[in-house]
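**Q** Coordinates only, no sequence provided:
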């Protein structure tokens with residue numbers, strides 16, 4: 001399922017991730033949102049959660065099996081997007097096969 005925002009054209013799941021709204025992310029996925037859906041630049045919801053430092057959302061997406069090795073159009077995997085200051089988020093990827 002892919003519902004897009006009428007203002008930005010972005011997938012509803014991606015909007016929820018970028019806003020840091022874990023409950024909305026869970027609801028959208030419960031009703032069929034595709035965890036692996038990509039935006040126009042090849043970013044997945046996990047890329048976005050990592051980029052914006054949303055640890056709990058990233059943890060939830062990982063629990064659903066989100067692909068840690070999915071590269072965006074620039075060849076970056078989700079863990080490449082993490083700011084080094086987000087230590088807890090970086091630790092989520094330790095031992096998960098991500099760089």
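**A** Nice, thanks for sending it over. Computed from a prediction, not measured in an experiment: that's the story for all the values here. Numbering: from 1, shown residues only.

**Q** Give the phi and psi angles for the most centrally placed residue in the chain, as a check.
**A** Nearest to the geometric centre of the chain sits residue 46, at 1.9 Å (Cα atoms, centre = their mean). Per-residue torsions, residue 46: phi -70, psi -40 (degrees, to the nearest 10).

**Q** wait, doesn't residue 25 sit right on residue 15?
**A** No. Counting by Cβ atoms under 8 Å, residue 25 does not reach residue 15; the two are 9.8 Å apart. Quick note: C-beta positions are derived from backbone N, CA and C, even for glycine.

**Q** Comparing these two, which residue is more hemmed in?
**A** Neighbours were counted for residue 25 and for residue 15 using other Cβ atoms under 10 Å; residue 25 has more, 26 against 19.

**Q** would the more buried one count as being in a strand?
**A** No. Per DSSP: H, G, I helix; E, B strand; the rest coil, residue 25 lies outside any strand segment and is helix.

**Q** Quick one, grab the pLDDT at it.
**A** What the model reports as pLDDT for residue 25 is 98.

**Q** Check which helix or strand the nearest residue to it once chain neighbours are set aside maps to.
**A** Excluding the flanking residues, the one nearest residue 25 by Cβ to Cβ, 6 or more residues apart in numbering is residue 16, at 4.7 Å. Secondary structure from DSSP states H and E places residue 16 in helix 12-19.

**Q** helices or strands next to that helix in the packing?
**A** helix 22-30, helix 45-51 (3 or more Cβ pairs under 8 Å, 6 or more residues apart in numbering; DSSP states H and E).

**Q** Deepest-packed of the ones you listed, please.
**A** helix 45-51 (a mean of 27; mean count of other Cβ atoms under 10 Å).
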